[in-house]
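[1] fold the following for me, if possible:
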Amino acid sequence: MTSYKKKHQTRQSGTGKPVDPAALVLLSHQVRNLLRFHQQMGIEHYPSTAGLRNFLVKHSGAPASHRPVHKTAAPAAPQDRQPVVPSLSAVYKEIVACKQCELAGQRSGQVPGRGGERPKLLVVGDWSGQEIFSDTTLFGRDEDVMLWKMMAAIGLAAEDVYVTNVIKCCPAVTPPDVSCARRCFAHLSREIGALKPNLILAMGEMAAGQLLANSAPLVRLRGRFHSYRYPDSAPAQVMPTFHPRFLLANPEMKKMVWMDLQMIQRQL
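    Sure thing, here's the model as predicted:
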């Protein structure tokens with residue numbers, strides 16, 4: 001009995017070393033998290049390279065005579081592998097080249113996000129509404145004035161904040177169709193992955209709905225924190241609230257937004 005137990009505890013891998021069941025469980029969790037991260041980034045296919053094919057042949061159990069022979073360098077020291085996070089510059093290039101929806105042929109311009117690369121707060125709006133296009137206008141001329149007054153009221157300077165929109169194109173006709181937001185969300189998720197903020201202020205029903213995957217009315221979502229889950233780290237806290245565009249038309253709702261901002265301030 002003892003020899004049987006010992007035999008199964010020391011079952012060996014192809015490297016000649018015992019297989020640690022706990023390490024296999026950890027590896028499976030890491031692979032699953034990495035695949036989820038890639039899925040959220042919009043990666044659906046993996047390129048087939050000579051190195052990958054060689055690896056698969058080596059571990060497929062095929063006879064040695066049918067395996068290609070390659071000279072390989074000595075293996076590097078093992079390191080903890082982390083999911084590849086896109087850079088903001090890479091995200092911007094994808095946005096500029098995007099033609100996923102009808103806005104690509106109708107837009108008056110594109111408004112990528114702007115702000116500090118390690119922000120204390122990420123602000124996500126719906127789209128940039130402008131009569132005369134300017135790539136420095138984030139939400140709209142009057143909306144931007146109100147936004148920065150809000151940020152100053154909770155003690156944040158411009159370098160503490162990163163501001164972006166769900167829809168990156170400035171639509172010639174507003175409001176844009178929600179299908180455009182769904183297609184553009186891949187860009188936003190990569191942008192968030194590059195920034196990794198702990199706090200997100202979702203301004204407007206479109207922003208809240210896309211970030212939280214929740215179609216509930218904004219009036220029911222605001223006033224409390226929700227989670228935006230990263231695939232490889234702790235979740236960010238999301239506070240949904242009304243967009244400056246809505247407040248300009250409905251100034252009586254400013255008190256509710258101020259309550260939401262105070263909750264953000266306490267977290268800061």
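[2] rest of the way, CA atoms for contacts and neighbours
    Will do.
[3] isn't Gly116 up against Tyr162?
    Yes - contact criterion CA atoms under 8 Å: Gly116 and Tyr162 qualify, at 5.6 Å.
[4] those two: who's more crowded?
    The residue with more neighbours, out of Gly116 and Tyr162, is Tyr162; 21 against 16, by other CA atoms under 10 Å.
[5] SS state for the more buried one?
    strand (DSSP: H, G, I helix; E, B strand; the rest coil).
[6] tell me the contacts of the closest residue to it other than its chain neighbours?
    Spatial nearest neighbour of Tyr162, excluding adjacent residues (CA to CA, 6 or more residues apart in numbering): Gly115 at 4.1 Å. Contact analysis of Gly115 by CA atoms under 8 Å, 6 or more residues apart in numbering lists Ala158, Glu159, Asp160, Val161, Tyr162, Val163.
[7] quick check: closest non-adjacent residue to the last one.
    Among residues not flanking Val163 along the chain, Val123 sits closest, at 4.7 Å (CA to CA, 6+ apart).
[8] next one: the first one
    In this structure, Ala158 finds its nearest non-sequential neighbour in Gly115, 6.8 Å apart by CA to CA, 6+ apart.
[9] one step back: does the residue nearest to Val163 touch Ala202 like I think?
    Yes - applying CA under 8 Å, one finds Val123 in contact with Ala202, separated by 6.1 Å.
[10] so between the two, which is more surrounded?
    Higher neighbour count among Val123 and Ala202: Ala202, with 27 against 24, using other CA under 10 Å.
[11] where does this protein dip in pLDDT?
    1-19, 21-23, 25-26, 28-86 (pLDDT under 70).
[12] please redo it, this time with the cut-off set to 50
    2-14, 40-42, 64-83 (pLDDT under 50).
[13] hey, where'd the strands end up in it?
    With DSSP state E as the criterion, the chain has strands at 109-110, 114-115, 121-125, 161-165, 169-170, 199-203, 226-228, 236-241.
[14] now those strands in CSV, with distance to Lys93?
    Shown next, in CSV, are the strands of the chain (distance: least, CA to CA, whole Å):
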stretch, distance to Lys93
strand 109-110, 12
strand 114-115, 14
strand 121-125, 19
strand 161-165, 15
strand 169-170, 13
strand 199-203, 23
strand 226-228, 25
strand 236-241, 25
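[15] which one of these lies nearest to Met263?
    Across the strands of the chain, Met263 has its closest neighbour in strand 236-241 (8.4 Å, CA to CA).
[16] sheet-wise, list the partners of that closest one with their directions.
    Sheet pairing for strand 236-241, assigned by DSSP bridges, gives strand 199-203 (parallel), strand 226-228 (antiparallel).
[17] and those strands as a markdown table, adding distance to Leu188?
    Formatted as a markdown table, the strands paired with strand 236-241 follow (distance: least, CA to CA, whole Å):
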| stretch | distance to Leu188 |
| --- | --- |
| strand 199-203 | 12 |
| strand 226-228 | 12 |
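[18] most neighbours per residue, which of those strands?
    The highest mean neighbour count among the strands paired with strand 236-241, using mean count of other CA atoms under 10 Å, belongs to strand 199-203: a mean of 25.
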